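1. Below are the sequence and a predicted model for it; my questions follow.
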Amino acid sequence: MDYVFTILILIGLFVILASSFDLVIGHCGLISIAHPIFYAIGAYISAMLSKQSGMPIPLSILCGGVGALLASALVAVPALRVSGDYLLIASIGFQLGLIELAKHFHEIGGAGGLTNIPSFLIKDFGRESYVVLVLVLAAATVLFIRWLTQGPYGRMMTAMRDDELAFSMLGRNAIWVKVAVFAIGSGIAGIAGGLYAHYFRFLEPDQFGLLQSSAVLTMVVVGGMRTTMGPVIGAIVLQLMPQIITFFNLPPSILGPLQGLLFTGLVLFFMFVRPQGLLPAADLWAGRNRDGDAGHSRKEARS
Amino acid sequence: MSATLEIRGLCKSFGGIVVADSIDLDLTAGRVLGLIGPNGAGKTSLFNLVCGVVKPDAGSIALDGQSLEALPTFERARMGLARTWQNLRLFPSLSVMDNLMLGPRAYSADSLVDVFFRPSQIRAHEAEARDRALDILERTGLSPIARSRVQDISFGQQKLVGVARAMMNDARCLMLDEPMAGVEGQTYALIQKAVRDIAASGVAICVVEHNVAFIRDLCDEGVFMFAGKVLARGSVEQLINDPHLTELYFGT
Amino acid sequence: MFDLAVVSQILWTSFATSSYFVLFAVAFALVLKVNKVFNFAQAGVMTCGFYAAYVGVRMLNLPGYAGFMLGIAGGVAMSFVLEYFGFAVLRQRKASAMFVFIFTLIASQFIAYAVMMIFGTWPTTIFASMFWPVTLVGGIAVSAWDMPAITATVTVLAALWAFLKYSRNGQFMLAVADNADLAELYGIQKDRILMMSMLLAGVIVSIGMFLYGTRAQVQASAATELMLFAVAATILGGIGNIWGAAIAAVVLGVVQNSSILFIPSAWQGFLLFAFLFFAIVLFPSGFRLPERRNTLKRTVVAPQALTDGKGH
């Protein structure tokens, strides 16, 4: 049963990661793959604050989120002043550089990892409570992002993606929108990181590198960008797939690369065969530009 | 009365090509200035310079006395500068209505702080913007296609949407880049009427156009540009009838 | 610590080892310039180039030069696959830059995993031994690897320069780099040229990996880290400036290796990222080499103004 709980929690965390990443890359059109590093920042900050200074965990998780948000703004502001392409390179450099740094930073466990992270809820209420917590927050994330992208802010993001120059000429500050969305997406990932840290109670810098980036990218591309349920489906598929492979009892040296091969192979397949992802175009929960402004016209009809 | 838009000594060259050679220009409230000249004369470049898409090598631009040089494009738009584009630049993923809703100088959801903490203010702004949009759509005859996606309407209608979107800005100065290119009949009449109405409301307008009838009909005065220089100014009749300018225009 | 002998040794060795970095950077910069793509899949090409040579020398027991040719063949083959089945298709579909980037990243990861499955994750080298005899030249230990590496790099750079400057295809390449659509109007087959530049890059990085793999250990993930170097050098050198990237690669190589004098070796890896980050923030357009003005200065003489004196 514990095994099932862990899977559910992982799915929940992946849903949060995938949805927040879709906000950044899908809705806002920012090319970045460094999402996992903000997940890591949230996890490490929450772990250290609660472990070293005894901060209550809900607060430390929140701090983790804020820390991730601020870090992402720190990367985005200088990079975006130049261009969107630079954000990509700056964020990769930031991700890999921070991982490298963390491996040498013995105060946070170094390459061997951070252990004995305080647990949350489980002692008092059992594992089920944690599962509920994560799944509720996952649902909240999905709904929040849907609300944001269906409203006037979402309209702005779509326009910016369509034609940034015309967008600016209407008086909209593109850089500010990009930084804000990047920060929010990363902050949400940071909170997910905190949730991860206090359940698995072990963090290691290499967990948050390019393999994780590929995984998050896969979930969004395969599930379907800019749809509400796309990242959710992508997260479920991506969690269940490796679990199914583990049942084949392959040696670990094959297992790892095979999982990676499957992730990346899946993305490549979808990119060339079905670029819109798993979700069919007529998704009822579709985000605003799947069917023009379907969501909007429903509201319009009322007013 | 001082001009709404004042351009003084504007210069710009790309590599070896001079696109703006010490240009002086005034746009006055309520008057329509026609910018004419052959292709490559630097007309669209002038628009790009005024909007901040391109940085000038020298010269000054002022809107209502306020200097624009240090301001990025979006700030200039917020100060009351609006334009349409030669290649339309509408937002294809959005409907006609949504394209217009993005037009106002102060957009309802510009700031996330407002989105999170002032939802009622946003609703109020949205309602206001929607009313104005509906009004403009009415005046430009676009109401029937308000919900349609921009990619699904005809080219003429798209051009109208471009003008309508620029009208949402409530601009002090409007620059139209070939609004009549590829347009005829009903749409022509609608754009013409729209431009007249905008001018009547006290906006300074500059139009780049090749369509002589349009210029003759709507422009109060004209400016002839060639190779980045302002060669001649005067009434539209004078410029059109000048044989030397006609020669330059047709490149004989 | 600042013993002259030690410093000179480090400078020499870091200069020699920057040879492969130069090749990686130049290839990346070339593809960026001509194909207008940040080709992260180059890591995949590099991996193929290495493992092809590895298979030749270690598994088929071929002599060094045969392994070298096989390595090049491997790299070129992968370049071909990427361009023909990947980039060309995406170009036809008018895929967005983001899509193309995701493709390059995922493709390089895919190749890395495939290689991991076939060859395992143990680090290997092309020749069974990494030992190269050393000669002392004026107190500096010069490895028998150094001179061939430097010579190979200089030869490649010279050949590339000559190709771009004097050959027809090289000129076409520069035309496509400048304005691909205009080049097509002049009858230059864009697709053929783009393929050519990818294949050329494939040759260059395969040579680079042969150099690297005969001196250091390689595993499937090595190429990704080497790529970061190439990216940093390209940005510092100025995007579009192949020779700037080459110089930046040498500088970065020397700096990174000589940093051992100042910082503990454990931190050397981090230094690169710090460099990359600051390069982007402070020098987004790179250190531009002064551009030679070979554009004609065209100013059109405007005729006299006429009309009623209101003109200029």
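-> It's in.
2. All the helices of the stretch 201-303 of chain A, in order from the start?
-> Using DSSP state H, counting those that start in this stretch, the helices found in the stretch 201-303 of chain A span residues A:210-223, A:230-246, A:252-273, A:294-302.
3. State the pLDDT value of B:A164.
-> At B:A164, the model reports a pLDDT of 93.
4. show me what contacts it?
-> By CB atoms under 8 Å, 6 or more residues apart in numbering or on different chains, the residues touching B:A164 are B:100, B:136-137, B:140, B:142, B:194. Backbone N, C-alpha and C define where each C-beta goes, glycine included.
5. from the middle of its chain, how far away would the helix or strand containing C:N257 be?
-> Element membership for C:N257, per DSSP states H and E: helix C:242-258. Its chain's C-alpha centre and that of helix C:242-258 lie 12 Å apart, by CA atoms, centre = their mean, to the nearest Å.
6. Average pLDDT for that helix, rounded please.
-> Rounded mean pLDDT across helix C:242-258 is 88.
7. likewise stretch B:19-39?
-> On average, stretch B:19-39 scores 91.
8. and the top helix by length along chain C with chain A, contact?
-> Taking DSSP state H as the criterion, chain C has its longest helix at helix C:4-35. No: taking CB under 8 Å from any CB of the partner chain as the criterion, helix C:4-35 and chain A are apart, separated by no less than 10.4 Å.
9. neighbours around B:L190, how many?
-> Using other CB atoms under 10 Å in any protein chain shown, B:L190 has 21 other residues around it.
10. pLDDT at it, what is it?
-> Note on B:L190: pLDDT of 90.
11. Next one: it from B:D220, what distance?
-> The gap separating B:L190 from B:D220 is 21 Å, by CB to CB, to the nearest Å.
12. same check, this time on A:I117
-> Distance from A:I117 to B:D220, by CB to CB: 74 Å.
13. just B:A3 next, same as before
-> 13 Å.
14. the more surrounded of these two?
-> Neighbours were tallied for B:A3 and for B:D220 using other CB under 10 Å; the higher tally belongs to B:A3 (18 against 14).
15. Could you verify my assumption that the more buried one touches B:A204?
-> Yes: B:A3 lies in contact with B:A204 (CB atoms under 8 Å); the separation is 7.3 Å.
16. intersection of neighbour lists for the two?
-> B:27-28.
17. Now whatever helix or strand A:W176 lives in: buried residues?
-> Secondary structure assigned from DSSP H and E places A:W176 in helix A:174-200. By neighbour count on 16 or more other CB atoms under 10 Å in any protein chain shown, the buried set for helix A:174-200 is A:174-175, A:177-200.
18. show me which of those neighbour chain B.
-> The subset of the buried residues of helix A:174-200 within reach of chain B, by CB under 8 Å from any CB, is A:174, A:180, A:184.
19. helices and strands around the helix ranked longest in chain B, which ones?
-> Longest helix of chain B, by residue count under DSSP H: helix B:119-139. On a contact count with 3 or more CB pairs under 8 Å, 6 or more residues apart in numbering or on different chains; DSSP states H and E, helix B:119-139 meets helix B:96-101, helix B:112-117, helix B:155-167, helix B:185-200.
20. Nearest to A:G93 among these would be which one?
-> helix B:112-117 (26.8 Å; CB to CB).
21. Just the CA coordinates for that closest one, please, in PDB.
-> Output of helix B:112-117 as PDB, limited to C-alpha atoms (Å, rounded to 0.1, in the frame of the first residue of the first chain):
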ATOM      1  CA  LEU B 112      -0.300  40.400 -11.700                       C
ATOM      2  CA  VAL B 113      -0.900  42.200  -8.500                       C
ATOM      3  CA  ASP B 114      -4.200  43.400 -10.000                       C
ATOM      4  CA  VAL B 115      -5.000  40.000 -11.200                       C
ATOM      5  CA  PHE B 116      -4.600  38.500  -7.800                       C
ATOM      6  CA  PHE B 117      -5.700  41.200  -5.500                       C
END
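22. Look at A:G171 and tell me its secondary structure.
-> coil (DSSP: H, G, I helix; E, B strand; the rest coil).
23. got the contact list for it?
-> Residues near A:G171 by CB under 8 Å, 6+ apart: B:74-75, B:77-78, B:104-107, B:169.
24. from those, which is closest to chain C?
-> Distance to chain C across the contacts of A:G171 (CB to the nearest CB) is lowest for B:F74, with 20.7 Å.
25. so which helix or strand takes in that closest one?
-> Here B:F74 sits within helix B:73-79, counting by DSSP H and E.
26. what's that helix packed up against?
-> Counting contacts by 3+ CB pairs under 8 Å, 6+ apart, helix B:73-79 packs against helix A:164-169, helix B:43-51.
27. Figure out which of those helices is closest to chain C.
-> helix A:164-169 (12.6 Å).
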